[in-house]
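Chemist: the amino acid sequence is not available; the structure is as follows:
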């Protein structure tokens, strides 16, 4: 692709991911309110929250490392924007993305967590440092089962190119990967890993408002906090899209396939929100054991089943 095309895809993908992320944030809050027998916010409330934060003063703690503190939200936001652009372009033109784009997506999806870690440790706050430490332990815990779950799908499809477009094409020809036993187990593992990557209950351990007053975000205000909020909202759009692309047949933007894509997206989003609202927060050691001792063996079983053709 030429540079103007790349920039166009990036900005269009960022805008689409941002819009879908804010809508998903509203769905999250609305479903949560209904579960708690409340009315919930209006449709544009997440946008109002971002605009309000952008208008607030940005305060930097006296003992903070200023550059890391202020740049961390921008780095995380940029990484999510790149992933969103790749996924949308894959949906629009499956054969047009580069070789190994799935590896790039997995790599860039670790950067938002790293930006949270850098921001918290740069804040000079003990709450931020402790929250960053917990975030680091979570990343070490869930990345392995998530990668193994994705590899199991690639093995089942007999694809070694790590190319999203080829994975989507295989599913269009042979059915969604989740219809196979190995793919179903891998999808279950991936959903829990996505829950942790989003920082939602029961894996909101780094933020833990009742314990750490927001953890890595304690000292953030104004525009940097708005960027972190947008990053989290965009992740709420990107990660279900990734699950649909890898496990559920891919994103179809043509009619009537787009209707089925919307259904899959809404179902995944509701599952994520219901998990958040029906489970207590785990302790960090319990979360680590859950990912290492339960989900990692399950993902290995899925990989072995994929090697056996199931």
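Modeler: Structure received. These numbers were taken from a predicted model, which means no experiment stands behind them. Residues are numbered from 1 along each chain as shown.

Chemist: could you find the closest non-adjacent residue to residue 295?
Modeler: residue 145 (4.1 Å; CB to CB, 6 or more residues apart in numbering). No exception for glycine: its C-beta is placed from N, CA and C like everyone else's.

Chemist: quick check, pLDDT for the one you found.
Modeler: We note a pLDDT of 97 for residue 145 in this prediction.

Chemist: for burial, what's the neighbour tally of it?
Modeler: Applying other CB atoms under 10 Å, we find 26 residues neighbouring residue 145.

Chemist: now do residue 174
Modeler: 13.

Chemist: do you know how far it is from residue 307?
Modeler: Distance, residue 174 to residue 307, by CB to CB, to the nearest Å: 17 Å.

Chemist: residue 42 now?
Modeler: Counting by CB to CB - residue 42 and residue 307 are separated by 50 Å.

Chemist: swap in residue 127?
Modeler: Relative to residue 307, and taking CB to CB, residue 127 is found at 45 Å.

Chemist: what ranges does the stretch 201-310 of the chain have for its helices?
Modeler: Secondary structure of the stretch 201-310 of the chain (DSSP state H, counting those that start in this stretch): helices located at 209-212, 222-247, 257-277, 284-289, 296-307.

Chemist: any idea which element residue 13 lies in?
Modeler: Residue 13 belongs to helix 3-35 when assigned by DSSP states H and E.

Chemist: now do that helix, average pLDDT.
Modeler: So the average pLDDT for helix 3-35 ends up being 90.

Chemist: can you pull out the helices in the stretch 1-150 of the chain?
Modeler: For the stretch 1-150 of the chain, helices defined by DSSP H, counting those that start in this stretch occupy the ranges 3-35, 45-54, 66-92, 101-122, 126-156.

Chemist: wait, doesn't residue 73 sit right on residue 224?
Modeler: Yes: using CB atoms under 8 Å, residue 73 makes contact with residue 224 at a distance of 4.7 Å.

Chemist: so where is the stretch 51-200 of the chain shaky, pLDDT-wise?
Modeler: 96 (pLDDT under 70).

Chemist: that older thread, so the residue nearest to residue 295 touches residue 301, yeah?
Modeler: No: contact criterion CB under 8 Å: residue 145 and residue 301 do not qualify, at 11.1 Å.

Chemist: how about stretch 293-310: buried residues?
Modeler: Buried residues in stretch 293-310, defined by neighbour count with 16 or more other CB atoms under 10 Å: 295, 296, 298, 299, 300, 301, 302, 303, 305, 306.

Chemist: oh sorry, the question was meant for stretch 95-110
Modeler: Those would be 97, 101, 102, 104, 105, 106, 108, 109, for stretch 95-110 by 16+ other CB under 10 Å.

Chemist: before we move on, what about stretch 12-22?
Modeler: Buried residues in stretch 12-22, counted by 16+ other CB under 10 Å: 13, 14, 16, 17, 18, 20, 21, 22.

Chemist: over to stretch 38-54?
Modeler: Neighbour-count burial for stretch 38-54 [16+ other CB under 10 Å]: 40, 41, 46, 47, 49, 50, 53.

Chemist: now the end-to-end length of it.
Modeler: One end of stretch 38-54 sits 28 Å from the other (CA to CA, to the nearest Å).

Chemist: got a list of contacts for that stretch?
Modeler: Residues from elsewhere that reach stretch 38-54 (CB atoms under 8 Å, 6 or more residues apart in numbering): 22-23, 25-26, 29-34, 221-223, 225-226, 229-230, 233.

Chemist: identify the residue spatially nearest to residue 166, adjacent ones excluded.
Modeler: Nearest residue to residue 166 in three dimensions, chain neighbours excluded: residue 159, at 5.6 Å (CB to CB, 6+ apart).

Chemist: quick check: that neighbour touching residue 168?
Modeler: No: between residue 159 and residue 168 there is no contact under CB under 8 Å: 10.6 Å.

Chemist: what about these two, which has more around it?
Modeler: Per other CB under 10 Å, whichever of residue 159 and residue 168 has more neighbours is residue 168, with 21 against 15.

Chemist: run through who's touching the host helix or strand of the more buried one.
Modeler: In the assignment (DSSP H and E), residue 168 maps to helix 164-174. Residues from elsewhere that reach helix 164-174, judged by CB under 8 Å, 6+ apart: 86-87, 90, 93-97, 101-102, 105, 153-154, 157, 159, 177, 245-246, 248-251.
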